[in-house]
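Enquirer: I would like the atomic coordinates for the input below:
(2 chains)
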2 protein chains.
Amino acid sequence: MKLYDLELSGNCYKVRLFAALAGIDLDIIPVDFLAGAHKQSPVIDLNPWGELPTFTDGDLVLRDSHAILVYLAQEYADDKWYPDSAAARGEIQQWLSTSANEIQHGPCDARLIDKFGYALNKEHSLVVSERILGLLEVHLSSNDWLALGQPTIADCAAMPYIGTAHEGGISLDPYPNILAWIERIKALPGFISMPGL
Amino acid sequence: MKLYDLELSGNCYKVRLFAALAGIDLDIIPVDFLAGAHKQSPVIDLNPWGELPTFTDGDLVLRDSHAILVYLAQEYADDKWYPDSAAARGEIQQWLSTSANEIQHGPCDARLIDKFGYALNKEHSLVVSERILGLLEVHLSSNDWLALGQPTIADCAAMPYIGTAHEGGISLDPYPNILAWIERIKALPGFISMPGL
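Expert: Numbers count the residues shown, from 1 in each chain, chains lettered A, B, ... in the order given. A predicted model of the protein is given here:
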């Protein structure tokens, strides 16, 4: 299995983190993002979206971090990370959607603006961040993990751009339950970090 | 099963559409969105996010349209809508993420601005829309359906805000393959529409 990877990308880190926690061996292929290598062969041939992560397992190609988490968990991991019941899958999917939507366009966008100079609306990213961090803080005040009362791919999907929110100028100090959740993830066997986390 | 619903919401329509196509009976409960009923009891007690759709099946509560699709498909529908293999689930998940991310913040945001007066950035929504519609058009030039060569919950997730893009001032005339895909969905047995589609 090949992961076309950018070390500084939280979306790529979601996959690296889960693979490390679940003991799945990936062939990590660094892609020179600043040189635009994600818009060139071989990445663009595999993934017309020209984005990272891009993943292959034999003939299968996946272009989205959450899709890769779902695939790896169902195919290669202990069932506990993505239990095979409709209710569990639904509960986890809520957080995959939240990661693709509010977390991507809140703390992730704020970081893209501050750290990488993306031409996005900082004020909007802060409004989205404040709402989603507030909802997360309440959820984590009575839950140790995002879903099912145990670590799942939901935590791997949501944590990277929350844990690097300070790189977008967002302090997590007002959110003690979020900070405690990040520490719980960091204490999991096999945990690996990313720059800035 | 109860669906707390808003007829004009594409996210609610994703669920109504899939339930109709898959022959799943839902108890549809209209919520007076303009009066703010989604921020009041009983919706806010079930869903602290105060959003629609909100869904219950016995004790299970789900707050996200894609999570509801995953749950209904796995629990109540023919396997063809969400086949139980890791590769199929991964391929479909790509489009659930695209729906929560680019489609939500492209054509959906454009419609929220034009039709409902939301204070979002129209120019940004048009840039996101042009990119995602271009990628979809290319994908659908060699695929009849988004995933697996057959209708799945991916089509139910992605189509509603593409098919109502004109309500955000976006013409689909430059995208004949997208228009043909929408017509294929409309021709499926059990299809139901929504206002504006």
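Enquirer: and chain A, which residues reach chain B?
Expert: Contact residues, chain A versus chain B (Cβ under 8 Å from any Cβ of the partner chain): A:48-49, A:60, A:62-68, A:70-72, A:74-75, A:85-87, A:89-91, A:93-94, A:96-98, A:100-101, A:104-105, A:120-121, A:124, A:135, A:138-139. For the C-beta atoms, the positions are set from N, CA and C on the backbone; glycine is no exception.
Enquirer: Going through those, which ones are buried?
Expert: By neighbour count, with 16 or more other Cβ atoms under 10 Å in any protein chain shown, the residues of chain A next to chain B hold A:49, A:62-68, A:70-72, A:74-75, A:86-87, A:89-91, A:93-94, A:96-98, A:100-101, A:104-105, A:121, A:124, A:139 as buried.
Enquirer: Just those residues: which are in strands?
Expert: Residues of those located in strands (DSSP state E): residue A:62.
Enquirer: isn't residue A:195 right next to residue A:6, touching?
Expert: No: between residue A:195 and residue A:6 there is no contact under Cβ atoms under 8 Å: 10.8 Å.
Enquirer: if you count what's nearby, which of those two comes out ahead?
Expert: Neighbours were counted for residue A:195 and for residue A:6 using other Cβ atoms under 10 Å in any protein chain shown; residue A:6 has more, 19 against 9.
Enquirer: which residues touch that one?
Expert: Contact partners of residue A:6, counting by Cβ atoms under 8 Å, 6 or more residues apart in numbering or on different chains, are A:12, A:30, A:31, A:33, A:38, A:52, A:53.
Enquirer: Just the buried ones among those residues, please.
Expert: Using 16+ other Cβ under 10 Å, the buried ones in those are A:12, A:31, A:33, A:38, A:52, A:53.
Enquirer: Quote the end-to-end distance of stretch A:50-66.
Expert: Criterion Cα to Cα, to the nearest Å; first-to-last residue distance in stretch A:50-66 is 16 Å.
Enquirer: Run the chain-centre distance for it.
Expert: Its chain's C-alpha centre and that of stretch A:50-66 lie 14 Å apart, by Cα atoms, centre = their mean, to the nearest Å.
Enquirer: Quick check: residue A:150 is in a helix.
Expert: No: secondary structure of residue A:150 (DSSP: H, G, I helix; E, B strand; the rest coil): coil, not part of a helix.
Enquirer: Can you check what pLDDT the model gives it?
Expert: Predicted confidence (pLDDT) for residue A:150: 98.
Enquirer: returning to what we had before: need the buried ones among the contacts of residue A:6 in TSV (columns: secondary structure and pLDDT).
Expert: As requested, the buried ones among the contacts of residue A:6 are exported to TSV (DSSP: H, G, I helix; E, B strand; the rest coil; pLDDT from 0 to 100):
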residue	secondary structure	pLDDT
A:12	helix	98
A:31	coil	98
A:33	coil	93
A:38	helix	94
A:52	coil	98
A:53	coil	98
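Enquirer: Going by distance to chain B, which of these wins?
Expert: residue A:53 (11.8 Å; Cβ to the nearest Cβ).
Enquirer: pretty sure the closest one is touching residue A:66, no?
Expert: No: look at residue A:53 against residue A:66 with Cβ under 8 Å: they stay out of range, at 10.5 Å.
Enquirer: Go ahead and confirm residue A:76 touches residue A:22.
Expert: Yes: with contacts counted by Cβ under 8 Å, residue A:76 reaches residue A:22, the gap being 7.1 Å.
Enquirer: neighbours of the closest residue to residue A:153 other than its chain neighbours, just the number please.
Expert: Excluding the flanking residues, the one nearest residue A:153 by Cβ to Cβ, 6 or more residues apart in numbering or on different chains is residue A:69, at 4.4 Å. Other residues within reach of residue A:69, judged by other Cβ under 10 Å, total 30.
Enquirer: Quick check: residue A:69 touching residue A:13?
Expert: No: the pair residue A:69 / residue A:13 is not scored as a contact, 11.6 Å apart, by Cβ under 8 Å.
Enquirer: returning to that earlier point: distance-wise, check the residue nearest to residue A:153 relative to residue B:86.
Expert: 11 Å (Cβ to Cβ, to the nearest Å).
Enquirer: Distance check, residue A:87 against residue B:53.
Expert: Using Cβ to Cβ, residue A:87 is found at 17 Å from residue B:53.
Enquirer: In chain A, spot the helix with the most residues.
Expert: helix A:122-141 (DSSP state H).
Enquirer: That one to helix B:122-141, inter-axis angle?
Expert: 70 degrees (axes from the mean of the first three to the mean of the last three Cα atoms, to 10 degrees).
Enquirer: what comes into contact with helix A:122-141?
Expert: Contact partners of helix A:122-141, identified using Cβ under 8 Å, 6+ apart, comprise A:98, A:102-103, A:105-107, A:109-110, A:113-114, A:146, A:158, A:162, A:165, A:168-170, A:172, A:174-178, A:180-181, B:48-49, B:120-121.
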